[in-house]
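> Task: produce atomic coordinates for the following.
(chains A, B, C and D)
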Number of protein chains: 2
Amino acid sequence: MTEPTTRSPGAADDASASRQHTLRERNLRLVARAIYDAAAAPRSPGAVPPSRADVATATGLTRATVSTLVDRLLVARLVTELAPVPAQRAGRPAVPLVPARRTVVGVGLEVNVDYLGVRVLDLAGDVVAERVGTGSFHDSDPAAVLARLGALASDVVAGVQADGMQVAGARLALPGLVDARTGELEVAPNLGWSSLDPVPPLGLGELPVVVANEAKLAALAELAGDVPPSFLYVSGDVGIGGGIVVDGALFLAERGWNGEIGHVVVDPAGPRCTCGAYGCLEQYAGKEAILRAAGLEADAPLDSLVALLRDDDGAAVEQARAAVVRAGQALGSALADFVNLTGVSTVVLGGVYTELEDWLRPEVEAGLADRVLAAPFAPVVVRAAVAGEHAALTGGAREVLREVVADPAAWG
Amino acid sequence: MTEPTTRSPGAADDASASRQHTLRERNLRLVARAIYDAAAAPRSPGAVPPSRADVATATGLTRATVSTLVDRLLVARLVTELAPVPAQRAGRPAVPLVPARRTVVGVGLEVNVDYLGVRVLDLAGDVVAERVGTGSFHDSDPAAVLARLGALASDVVAGVQADGMQVAGARLALPGLVDARTGELEVAPNLGWSSLDPVPPLGLGELPVVVANEAKLAALAELAGDVPPSFLYVSGDVGIGGGIVVDGALFLAERGWNGEIGHVVVDPAGPRCTCGAYGCLEQYAGKEAILRAAGLEADAPLDSLVALLRDDDGAAVEQARAAVVRAGQALGSALADFVNLTGVSTVVLGGVYTELEDWLRPEVEAGLADRVLAAPFAPVVVRAAVAGEHAALTGGAREVLREVVADPAAWG
DNA sequence: CGGCGTTTGTTCTATGAATGAACTATTACC
DNA sequence: GGTAATAGTTCATTCATAGAACAAACGCCG
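Below you'll find the predicted structure:
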């Protein structure tokens, strides 16, 4: 098992001897990144993917070197040449280089409280295959649930392999405390799971599976959109998870047990939390807490709350709105602590908060403006997540592929 | 101005083309690190500094390569050969390699509320020169104060240069919000300074000076001791600052405005803070808040509080102890948020907290055990700082030298 | 006390990856 | 169709490392 989920901050200044082939590896990475970054960048209408010559000027390498490196990426099936476009100017037309499609793929897996699923992405970011099953996995049997997910996954994997794609690896997202170094699950309260290695029960054989926290993989899914390189991701559900992304990578100090914003103190005189303490954020802004405060059942669908909020009038509407406002205030207070402590000034609202954004955001922004010390110099930006449903599946698959592209030498 | 204060997480996977000389630089760094790490490691009695051969086996390079690299470090005066010790076994005796003394030095500068100072360290970590002046710089004139510090510094610098040492650079520590990218001071409430570049008024000419937050440099000073590679540093004074150290380097996302634990919410029903919000930690565990709650004047010396706490009996003693207990509880609550959000499981108590450790620690540990979610799996360790007085001076000077050793090619 | 094995450090040739200049390929423009 | 321009390739050169052979300085032991 390699570096799980992301590079740790100190990992890049790697402590091993550099030889000739280290140069190769590093420049190969540089070239791959140049091609992939260009593909990910918001494309202006007339923009065309970079050629070998473009990559050379962008990286500072010579065209000769870039040519040999690109050749390696081509045989590794990480990059594809497009048909030369007849340029509008003199000279031999350039060969555009783009991430390869349907060649190498990454797999995202997830077990959450009310569903499990598999999603396969290719290097271009396209969804190649997907299967999601519903269920109620509260206090479930890990072996049975993981076996079910494994069966789904091996089915999907067999399919894409039959189409000639190579599967680079998989990430399994779980809603709990996952050790970022060992990949062991310490505890997942809402699943009722604890102290287990979830990989063997999947029965996926050779396929390398790395386990990670659901909110953190969901945070990575945002990188596909137009986010700044550093942001805080908050995933609202029954519990409230978080992920810290710094310069495009997850921040995972020690064992990666960070972003636990659900248990930040909002009011020490507040209600008792499942964790034993009093006045945790979860008691104000957790999904069940909001639904109850809105006068709904704790397991009511979120849509029913949204419908209420959208209604024009009535006592029930008032109560629902007040509940969300209260949640927004609590969230603003806790997020202010988060921003003050991490210094990251963009907040992305994920999970149920995405749909509640319209009602939450004013309160959250007010709380941040009041309490974030650096706000006068670097205003905090709050925005809704864009990754869509089951973001952790996308984030996991993306992360597998990011690692491949970050070290093409190890792959090719 | 180079990378200020520390490498940013993404900096090491540097995005420039690798050539032959890149290999040199990287291996040079590797060799330097091997020699310095061995010198910093807790030396068992019989241990002897590493030889070229030792460095070769430690790094994986050949002895031939290590020899040429060590030669460079010798001429750059970063490393010195000791007299060969007659080994107890057969074979040619090894030449021990150690960090050079009194050759290349780093300068730490600081302006704080009641003092300013200069400290010069050499590569072996020895204090080569030091000058500290007292004063009251509350609402002071930046130009005047900085000129005074600059005069002190150029005096000291001239002295060490006259002794043949080369000054690699300086770090200026300030108790305020410093932009880690530009080195501009946004605001230092307790000095009454705002929006200025403090470097020109120093009048230090050629000497490269980088500005940083005081608590963050003080945190780095702890690295000289026996701390784990990652820890949270909390510096208690009138304000409460913090620093996040991950894998031996400061965590500085975006502009480095993190660790502002002084304004974490302890109780929204609490007293109003200078920042405008209610119930910030500073109102419970700030130096002035503690002194007042203990029945002392807000500007009383800390020793008077410690003397009270050490006393046997009496109503004043009770009040003082209660004040510190209350501060410890608030600190425990805020630190629990800090640990839950960053995932770093060691807390170092600096500033006035160092001296109050005996009375604070039980309360802080209780709060952490109660509220830190991962505590059952990774208990939070609380300890007092060891860097001694004016830790930011030491941390700043160390940081200058760390950068030199981290990139010896740029220096030699 | 001098040869022998051992370990350290140096010298020298070979290898491999990037450079830079020359060369080929393919277009637009006149 | 000739010329200029740009893309991509070929090839001799450069340079840092590896690896092997060598020199230096020790302990050991007969």
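> which other residues reach the helix or strand where A:Gly133 lies?
Element membership for A:Gly133 (DSSP states H and E) is strand A:127-134. Contacts to strand A:127-134, defined as Cβ atoms under 8 Å, 6 or more residues apart in numbering or on different chains, come from residues A:102, A:105, A:114-122, A:148, A:152, A:155-156, A:159-160, A:165, A:390, A:393-394. (Glycine included, C-beta is placed from N, CA and C.)
> Mind giving me the PyMOL select for these, buried ones only?
Selecting only the buried entries of the contacts of strand A:127-134 in PyMOL, with 16 or more other Cβ atoms under 10 Å in any protein chain shown as the criterion:
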select buried, chain A and resi 102+105+116+117+118+119+120+121+122+148+152+156+160+165+390+393+394
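> from the contacts of strand A:127-134, which ones fall inside strands?
A:Val105, A:Tyr115, A:Leu116, A:Gly117, A:Val118, A:Arg119, A:Val120, A:Leu121, A:Asp122 (DSSP state E).
> Quickly check the residues you listed for the two that are furthest apart.
By the measure Cβ to Cβ, A:Tyr115 and A:Asp122 form the most distant pair in these, at 23.2 Å.
> What is the helix or strand A:Ala32 falls within packed up against?
Under the criterion of DSSP H and E, A:Ala32 resides in helix A:20-40. Secondary-structure packing of helix A:20-40 (3 or more Cβ pairs under 8 Å, 6 or more residues apart in numbering or on different chains; DSSP states H and E): helix A:52-59, helix A:63-75, strand A:97-99, helix A:391-406, helix A:408-411, helix B:20-40.
> What distance do you get for the residue in chain A that DNA strand D sits nearest to to A:Thr57?
Residue nearest to DNA strand D within chain A (Cβ to the nearest atom of the strand): A:Gly91, separated by 2.3 Å. According to Cβ to Cβ, to the nearest Å, A:Gly91 and A:Thr57 sit 14 Å apart.
> Looking at the two, which has the bigger crowd around it?
A:Thr57 (13 against 7; other Cβ atoms under 10 Å in any protein chain shown).
> Just list the residues touching the residue lying closest to A:Thr103 once chain neighbours are set aside, thanks.
Once flanking residues are discounted, A:Thr103 sits nearest to A:Arg77: 3.9 Å by Cβ to Cβ, 6 or more residues apart in numbering or on different chains. When contacts are counted by Cβ under 8 Å, 6+ apart, A:Arg77 touches A:Ala100, A:Thr103, A:Val104, A:Gln166.
> Around DNA strand D, which positions in chain A sit nearby?
For chain A, the residues in contact with DNA strand D (Cβ under 7 Å from any atom of the strand) are A:17-20, A:51-54, A:63-64, A:67, A:70-71, A:89-95.
> Show me just the buried residues among those residues.
A:Ala17, A:Ser18, A:Ser51, A:Arg52, A:Asp54, A:Val70, A:Ala94, A:Val95.
> which pair in those spans the largest distance?
A:Ala17 and A:Ala94, at 37.8 Å, using Cβ to Cβ across these.
> how many neighbours does the closest residue to DNA strand C within the stretch 301-412 of chain A have?
For the stretch 301-412 of chain A and DNA strand C, the shortest gap (Cβ to the nearest atom of the strand) falls at A:Ala409, measuring 9.5 Å. Residues contacting A:Ala409 under the criterion other Cβ under 10 Å number 17.
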